[in-house]
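> model the structure of this input:
(one chain, ligands or ions: 1)
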Amino acid sequence: MKNIGIGASVPGRYWHGLADGRLQCDLCPRECKLQEGQRGLCFVRAREGNHIVLTTYGRSSGFCLDPIEKKPLNHFLPGTSVLSFGTAGCNLTCKFCQNWDISKARADDRLQSQASPEAIAQAAVESGARSVAFTYNDPVIFLEYAVDVAAACRDAGVKTVAVTAGYIGEAARPEFFAAMDAANVDLKGFTQDFYRKLCTGSLGAVLDTLSYVKHETKTWLEITTLLIPGENDSSQEVSALSEWAMGNLGPDVPVHFTAFHPDWKMRDMAPTPPSTLKRARRIAQDVGLRYVYTGNIHDETGQSTYCQGCSACLIGRDGYTITSWGLDVQGCCSDCGALCPGIFESSPGRWGARRAPLIVAAA
Ligand code: SF4
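Numbering: from 1, shown residues only. Predicted coordinates:
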């Protein structure tokens, strides 16, 4: 642990002073401009004197062992457990938020757990987790803590996973993603109107992040789109999203279409029917994307991985459970030898669908 007290405010990075005396946070495209004592929209970054600080360093809403498939990541250490945690706050304002109790929380409401980066890495080793995931709320807003945890994890031989909306400023991208072995980036819709109306964000910034991660980092990338009936699930929009992914990221970036459940400020909406997810998967496959998955429904076909060389089932899945394995030790198809892109070990993990809360000692 660096000489930083856990549970403390720490100096934030990525901000600059303005001529009118305010400080502008450059961590995300919102570019909050803060007077003394003010907090940014994410609530966890604040101006204290002539600095912007992160107010939640070392504090968490709790720890849990999850299946890696739940992040969702299907081409990254399949079948293994991931030690998952989040903090509080968020830099988007999605009306359909599926983790609103955390993302909308004020720090003192939710952050009962404290843990140093080394304690988290040690807990991952002791519990057998192959990776640690920054999830539940967006790790971009607690970058300084996430980067320190990632460094401790790497020292301990544990990989790192960001589950993020990709709403991050250009200056902060290199440091953030250099610390992450894998990322699942939410592409929440494919119109600026959707981002503006439902998230008060910007589609272009997220597309820039996706291109950056794919082409300028070593981070393994998968994408998730939560399909919301009547909002972002039209065939036209799914087709446009898929064509953009194919043209800008290539055919091998896995795409997950997942089901919306009524939540937060969109409780009067119906859940996404399985037929919508299956339609989206077909559209994306027709465009040329090779690894397209459905999520949050029971669909063994839509959740399994197939060989692009011979169509053999490479990784069978039933929900979060691995049911068959057809990869050799190099991560190639055992039948035809075609490479399956991703990060694989010689055999899958055996964690299954379990979810196990975990106590992590403070230091
Ligand atoms: S990280 Fe927070 S304070 Fe900084 S620009 Fe984004 S919302 Fe504002």
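> need the strands for the stretch 101-250 of the chain, in chain order.
With DSSP state E, counting those that start in this stretch, the ranges of strands along the stretch 101-250 of the chain come out as 113-114, 131-134, 159-164, 182-186, 220-227.
> my guess is residue 133 contacts residue 66. True?
Yes: with contacts counted by CB atoms under 8 Å, residue 133 reaches residue 66, the gap being 7.3 Å. Bear in mind the C-beta positions are built from the backbone N, C-alpha and C, glycine included.
> out of those two, which sits in the busier spot?
Taking neighbours as other CB atoms under 10 Å, residue 133 and residue 66 compare with residue 133 leading, 27 against 20.
> ok, which of the strands of the stretch 101-250 of the chain comes nearest the ligand?
Nearest to the ligand among the strands of the stretch 101-250 of the chain is strand 159-164; the distance by CB to the nearest ligand atom comes to 12.2 Å.
> list the beta-bridge partners for the closest residue in space to residue 22 that isn't next to it in sequence.
For residue 22, the nearest residue in space outside its immediate sequence neighbours is residue 33; the separation is 4.4 Å by CB to CB, 6 or more residues apart in numbering. When assigned by DSSP bridges, residue 33 has beta-bridge partners residue 24.
> any idea how far residue 33 lies from residue 16?
With distances taken as CB to CB, to the nearest Å, residue 33 is found 10 Å from residue 16.
> overlap of the contact sets of residue 133 and residue 66?
The overlap between the contact sets of residue 133 and residue 66 (CB atoms under 8 Å, 6 or more residues apart in numbering) consists of 82, 84.
> ends of stretch 36-49, what's the gap?
Stretch 36-49 stretches 6 Å from its first residue to its last (CA to CA, to the nearest Å).
> surely residue 184 touches residue 70?
No: with contacts counted by CB under 8 Å, residue 184 stays clear of residue 70, the gap being 10.2 Å.
> looking at the two, which is more packed in?
Between residue 184 and residue 70, residue 184 has the larger neighbour count (other CB under 10 Å), namely 24 against 19.
> can you pull up the bridge partners for that one?
With DSSP bridges as the criterion, residue 184 is bridged to residue 163, residue 222.
> what's the closest non-adjacent residue to the closest residue to the ligand within the chain?
Of the residues in the chain, the one nearest the ligand is residue 40, at a distance of 2.1 Å by CB to the nearest ligand atom. If you skip the residues right next to it in sequence, residue 40 has residue 32 as its closest partner in space, 3.7 Å away by CB to CB, 6+ apart.
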